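S.K.: I would like the atomic coordinates for the input below:
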Amino acid sequence: MTKQKDTSKKKASPSKDWLIASNKKAYHEYTVLETYQTGIVLTGSEIKSIREGKVSLKQSYARLENGEIFLFGAHIAPYEKAAHYNHDPERPRKLLLTKAEIRKLVGKMKTSGLTLIPLKMYFKRCWVKIDLGVCKGKKLHDKRDSISERDSKRDIARALKTSARSS
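M.R.: Model prediction:
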C-alpha cells in the first residue's frame, strides 16, 4: 500500500516585511548617501514592546565604539506586563553588521560630515531589522529646495488627477 501525501495542509507563505517605525525627519534633515540593513540585539521585553508598536527613532543615531556599532537614543517603551524584568527605554543597543561592513563604515565615518542615522525599523519574518543610512547633513537652502520640489510634484499630481477626471 502506498501512502498519499496530505495536500490539504498548505504551508503558510512567509509574511511580508512589517514596518514598525520610520524616521521621516531624517530624510528632511539629511541627505542619505547609502543604506545598510542591520540586525539589532534586543531583550524579550523589548521585542514585546516593539510588537505593540511603542518605538520612536526620532532623536536616534548610531556610533562606532570598540569596533562595534551601537544605536543611541532610540526609545522603546517599557513593556507593561514585564514587572521588574523590564528594560531601560533608551539604553544603547548593539547593531549586527559583518566585519567587512563595519570596516567600510569606519572608512566613511572618517570623512567629515557623515553620520549614521536609523531610517526605519521593521520585521523581516520574525527578526527585527533596521535600515541604517550613511547621511550628510543638509544646509538650510537644501531643505528649502527639497520642500519646493516636493510641493511642485504634489501640484503636478493634483493637476493630472483633475485632468483625468474631466476627460
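
S.K.: the residue nearest in space to the middle of the chain bridge partners, please.
M.R.: In the chain, the centroid-proximal residue (Cα atoms, centre = their mean) is residue 120; its distance is 1.7 Å. Under DSSP bridges, the beta-bridge partners of residue 120 are residue 22, residue 131.

S.K.: what's near enough to touch it?
M.R.: Residues in contact with residue 120, defined by Cβ atoms under 8 Å, 6 or more residues apart in numbering, are 19, 20, 21, 22, 23, 57, 130, 131. C-betas here are computed from N, CA, C, even on glycine.

S.K.: from residue 84, how far off is it?
M.R.: Using Cβ to Cβ, to the nearest Å, residue 120 is found at 32 Å from residue 84.

S.K.: mind listing what residue 64 touches?
M.R.: 70, 102, 105, 106, 109.

S.K.: now the last one: closest residue in space, sequence neighbours ignored.
M.R.: Same thing as residue 109. Closest residue to residue 109 apart from its sequence neighbours, by Cβ to Cβ, 6 or more residues apart in numbering: residue 64 at 6.4 Å.

S.K.: low-confidence stretches in this protein?
M.R.: Residue ranges of the chain with pLDDT under 70: 1-16, 167.

S.K.: any buried residues in the longest helix along the chain, and which?
M.R.: The longest helix of the chain (DSSP state H) is helix 140-166. Within helix 140-166, no residue counts as buried by 16 or more other Cβ atoms under 10 Å.

S.K.: if you count contacts, what does it end up packed against?
M.R.: Under the contact criterion of 3 or more Cβ pairs under 8 Å, 6 or more residues apart in numbering; DSSP states H and E, helix 140-166 touches helix 24-29.

S.K.: ranges for the strands of the protein?
M.R.: 18-22, 30-40, 55-56, 61-65, 68-72, 75-76, 93-96, 114-124, 127-137 (DSSP state E).

S.K.: reformat those as a markdown table; add distance to residue 146.
M.R.: Listed next are the strands of the chain as a markdown table, based on distance: least, Cβ to Cβ, whole Å:
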| stretch | distance to residue 146 |
| --- | --- |
| strand 18-22 | 17 |
| strand 30-40 | 9 |
| strand 55-56 | 23 |
| strand 61-65 | 21 |
| strand 68-72 | 26 |
| strand 75-76 | 26 |
| strand 93-96 | 27 |
| strand 114-124 | 16 |
| strand 127-137 | 13 |
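
S.K.: and these: which comes nearest residue 46?
M.R.: Proximity to residue 46 (Cβ to Cβ) singles out strand 75-76 among the strands of the chain, at 5.1 Å.
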